[in-house]
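Asker: take a look and give me a structure for this.
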Amino acid sequence: MKLLMIDDDTGLCELLSEYLSSQGFEIQSVHDGEQGLKLAQANDYALILLDVMLPTLDGFEVLKQLRQTKLTPVIMLTAKGEDFDRIFGLELGADDYIPKPFNHRELLARVKAITRRIEHINSLNINTTNKLLVNGVTINLAAREASIDENTLTLTGTEYEILALLCKNASQVVSKEQISEEVLGRRLASFDRSIDMHVSNIRKKIAEHIKTERIKTMRGSGYVFIQGE
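Answerer: Below is the predicted model:
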């Protein structure tokens with residue numbers, strides 16, 4: 001699988017390129033936001049590793065413009081302790097984030113969690129009609145799409161996975177821990193708000209078509225997709 005790394009730290013790019021290449025990935029590195037955006041828009045990468053602080057265009061602007069045309073999975077590389085960077089990146093449609101400095105094995109685990117999902121998608125027969133309809137929301141499990149009244153929701157891969165998990169367990173509380181482990185492929189860390197932000201994005205996209213609440217927060221427990229009457 002081919003990955004794109006957009007980071008102005010050339011030393012880090014070289015180290016990660018060597019490490020991820022040894023794990024079977026093909027890495028292309030670029031060191032400024034404008035060039036990175038052009039490559040991301042012109043090519044179909046399996047995953048993009050995107051730094052926040054970049055020359056020409058910062059990582060947020062790259063992600064914002066990319067999401068206008070593409071849903072390529074993105075892991076944001078954020079500064080340690082910068083909660084705003086993480087939250088804003090997730091709001092813009094990042095699939096996950098990892099704070100610098102990070103252990104290369106942790107990054108590999110995050111990358112593999114997303115690329116395994118892609119491999120699974122590619123192995124499916126998208127001509128099958130395995131669909132789930134829950135309270136006005138249709139989940140096409142084969143095509144991995146969600147729609148409302150035949151209007152396709154523009155969801156990232158992570159957002160789709162979370163919505164599908166909630167719909168499969170409609171009327172049941174799904175904990176944040178379960179969502180993190182099943183969708184992100186990792187344990188939920190203390191004070192990790194990534195699941196909250198993904199769910200917030202899903203709610204906004206559903207609200208464009210349905211005004212009544214579909215996903216309810218169960219304080220201290222998790223989320224429940226409302227089954228309806």
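Asker: buried sites along the helix ranked longest in the chain?
Answerer: Counting by DSSP state H, the longest helix found in the chain is helix 104-123. Neighbour counts over helix 104-123 (16 or more other C-beta atoms under 10 Å) mark Leu107, Arg110, Val111, Lys112, Ala113, Ile114, Thr115, Arg117 as buried. The way it works is simple: take the backbone N, C-alpha and C, and place the C-beta from them, glycine included.
Asker: tell me how far the most centrally placed residue in the chain lies from Gly222.
Answerer: Geometric centre of the chain, nearest residue: Asp95, 1.9 Å, by C-alpha atoms, centre = their mean. Noted for Asp95: a distance of 20 Å to Gly222, by C-beta to C-beta, to the nearest Å.
Asker: after the helix or strand of the chain with the lowest mean pLDDT, which helix or strand is next? Please name it.
Answerer: Ranked by mean pLDDT, DSSP states H and E, the helix or strand of the chain with the weakest confidence is helix 104-123, at a mean of 83. Next along the chain after helix 104-123, taking DSSP states H and E as the criterion, comes strand 131-134.
Asker: circling back: ok now the longest helix of the chain, how far from the chain's centre?
Answerer: In terms of C-alpha atoms, centre = their mean, to the nearest Å, the centre of helix 104-123 is found 11 Å from the chain centre.
Asker: tell me the domain boundaries of the chain?
Answerer: Taking automatic domain parsing as the reference, the chain has its domains at 2-122, 127-225.
Asker: residue ranges for the strands of this protein, please.
Answerer: Listed in chain order, the strands of the chain (DSSP state E) span 2-6, 26-30, 47-51, 74-79, 96-100, 131-134, 137-140, 145-148, 151-152, 174-175, 215-218, 222-225.
Asker: burial of Tyr45, as a residue count?
Answerer: Using other C-beta atoms under 10 Å, Tyr45 has 19 neighbouring residues.
Asker: pLDDT weak spots in this protein?
Answerer: Along the chain, segments meeting pLDDT under 70 span 80-81, 120-129, 229.
Asker: can you do 90?
Answerer: Along the chain, the model assigns pLDDT under 90 to residues 1, 78-87, 100-101, 113, 115-131, 141-144, 184-193, 211, 219-221, 227-229.
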